[in-house]
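Undergrad: I'll drop the sequence and a predicted model, then ask my questions.
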Amino acid sequence: MTRKFLHVLATSLFMFFIPLFSQDFGVPGAIKWKTGDIGLPGGGCPALGVNMVYVTNDQYLYAIRSNGKIVWKFPLKSRTMCSPVLDTEHGTLYVGTQGGTFFAISTRGELKWTYQTNGAISSSPAYYNSTIYFGCADGYLYALNIDGTLKWKFQTLDAIISSPCVLEIAGPGSGVKTTILFGSNDGYLYALNDKGNLIWRFRTNGEVISSPAVSWIGDIFFGSTDQYFYHLDADGTLISKVKTRGAIVSSPVVAGEVVYFASEDRNLYAYAYCEGKILWKFKTGGPIASDPLLISADSKLNIIVLSKDGFMYVIDERGNLVWKKQIEKAPLDCPPTVDNNGIVYFVGNLAIYAVRSNSKGLYHSVWPKFRRDEQNRGSYSTWIGE
């Protein structure tokens, strides 16, 4: 081999395994690392393992160490827009693709099984009690066993982009009640039991792309393209709704008696759901399709939101700007997550990013991020006593 060839080979390997470091001065907003060109824009919220980041982009599922080194990437053979869920018990990642194939991949990057649907999968899966739930453009909500066999499927009247939420409520004398909540482009929010039977459905006047979040007592929150944000009780009865000036496609987060949600009217809202009133709204420089993230900053609540103006915003619980950082000169649509060191991970248009924040991890609340926890399981269990 020539010296020139060896130099090119070494450079190529270096670029693959070592991220492009930029502006990392250890201060909030500094980019700790970013990958190189990752293909077409789009992807989901990263799932976090032990010193590992699992993230989808374009036609691949990546496993990246927290220092930015790419350990492996798995070819999905079709573009993916949804977030992987990490099943730590079985060492498996679950993710769907626009080609309609749902994958189970080991944390070593090996294929376990696939399941073929009849439509694109943009709905991020939920994992609960050894069952995987996800929606599909063919109008079905699927429930799969961990071996890849079909448990049941439920048909709606249109495509399902919304990601399901699994809510388990236990109480004295009532046993355990498991409910799968999800929206459909047919305008309904659906509630099914764990056998796939309809419990109730709630009608909006738009598509329900937003994924539902819940409170500790089982109240349900979601938005619709009809520009309204909805608050229902666990039985599907409307408690309150609030009008914005744009479609709501992102998913809410919950802390205490306040739910935070974003609208394509460019605003992040803080909604006191027990009182049914807006506490404040914060306007960004572009529409917001990404999902808010709640972080703990010196034991206080801060909210991170990515906007289509290309900025990352950090806002305190009173609605004041803490800091902002321009990441790209293109829309940021994908939901972020954060590790216990305060590093925020998300997919941009040009790269996968790790950005320093002023936090020490997720804020301790019932639903602090898209898919709720670091593994993206999208499920919550609560006990309601007398």
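TA: Good, I have the coordinates.
Undergrad: Next one: V305 from N51, what distance?
TA: Taking Cβ to Cβ, to the nearest Å as the measure, V305 falls 26 Å from N51. (C-beta placed from N, C-alpha, C; glycine too.)
Undergrad: now do D158
TA: Distance check for D158 against N51: by Cβ to Cβ, it reads 41 Å.
Undergrad: Looking at these two, which one has more neighbours?
TA: More crowded of D158 and N51, by other Cβ atoms under 10 Å: D158, with 14 against 9.
Undergrad: from what I can see that one touches Y188, true?
TA: No: the pair D158 and Y188 fails to qualify as a contact (Cβ atoms under 8 Å) at a distance of 9.0 Å.
Undergrad: check contacts around the closest residue in space to I315 that isn't next to it in sequence.
TA: Nearest residue to I315, sequence neighbours excluded (Cβ to Cβ, 6 or more residues apart in numbering): I303, at 4.8 Å. Residues counted as contacts of I303 (Cβ atoms under 8 Å, 6 or more residues apart in numbering) are 253, 260, 268, 292-295, 314-317.
Undergrad: Tell me how far I303 lies from S296.
TA: I303 sits 11 Å away from S296, going by Cβ to Cβ.
Undergrad: before we move on, the earlier item: next, the residue nearest to I315: secondary structure please.
TA: Assigned with DSSP: H, G, I helix; E, B strand; the rest coil, I303 falls in the strand class.
Undergrad: Please renumber the chain so that the first residue is 28 from this point on.
TA: Taking 28 as the first residue, the last one we looked at is I330.
Undergrad: What residues are bridge-paired with it?
TA: L321, I342 (DSSP bridges).
Undergrad: Under the pLDDT cut-off, which ranges of the chain? List them.
TA: For the chain, the stretches with pLDDT under 70 are 28-52, 64-69, 201, 412-413.
Undergrad: ranges for the helices of it?
TA: Residue ranges of the helices in the chain, as given by DSSP state H, are 30-44.
Undergrad: and the longest strand for it?
TA: Criterion DSSP state E: the longest strand present in the chain is strand 202-210.
Undergrad: State the paired neighbours of that one in the sheet, together with their directions.
TA: In the sheet, strand 202-210 lines up with strand 192-198 (antiparallel), strand 215-220 (antiparallel) (DSSP bridges).
Undergrad: who touches the shortest one?
TA: Residues outside strand 215-220 that contact it (Cβ under 8 Å, 6+ apart): 168, 181, 183-184, 204-211, 225-231, 235, 239, 247, 249, 257, 259, 263.
Undergrad: from the residues you listed, which would you call buried?
TA: Neighbour counting over the contacts of strand 215-220 (16 or more other Cβ atoms under 10 Å) leaves 168, 181, 183, 204-211, 228-229, 231, 235, 239, 247, 249, 257, 259, 263 as the buried ones.
Undergrad: can you pull out the strands in the stretch 28-177 of the chain?
TA: Using DSSP state E, counting those that start in this stretch, the strands of the stretch 28-177 of the chain run over 58-61, 74-76, 79-84, 87-92, 97-102, 112-114, 119-123, 128-133, 138-143, 153-155, 158-162, 167-172, 177-182.
Undergrad: out of those, nearest to I196?
TA: Checking these against I196 by Cβ to Cβ gives strand 153-155 as the closest, at 12.9 Å.
Undergrad: Neighbouring strands of the closest one in the sheet, and parallel or not?
TA: Within its sheet, strand 153-155 is paired with strand 158-162 (antiparallel), according to DSSP bridges.
Undergrad: and the strand it pairs with, C-alpha only, in PDB?
TA: C-alpha atoms of strand 158-162 as PDB (Å, rounded to 0.1, in the frame of the first residue of the first chain):
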ATOM      1  CA  THR A 158     -45.700  -5.800  24.700                       C
ATOM      2  CA  ILE A 159     -44.700  -3.300  22.000                       C
ATOM      3  CA  TYR A 160     -47.400  -0.900  20.700                       C
ATOM      4  CA  PHE A 161     -47.200   1.300  17.600                       C
ATOM      5  CA  GLY A 162     -49.400   2.900  15.000                       C
END
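Undergrad: before we move on, the earlier item: now do the residue nearest to I342 against S157, distance only.
TA: Going from I330 to S157 by Cβ to Cβ gives 33 Å.
Undergrad: ok, A90 - contacts?
TA: 79-81, 97-100, 134, 136.
Undergrad: In this structure I315 contacts Y296, no?
TA: No: look at I315 against Y296 with Cβ under 8 Å: they stay out of range, at 10.0 Å.
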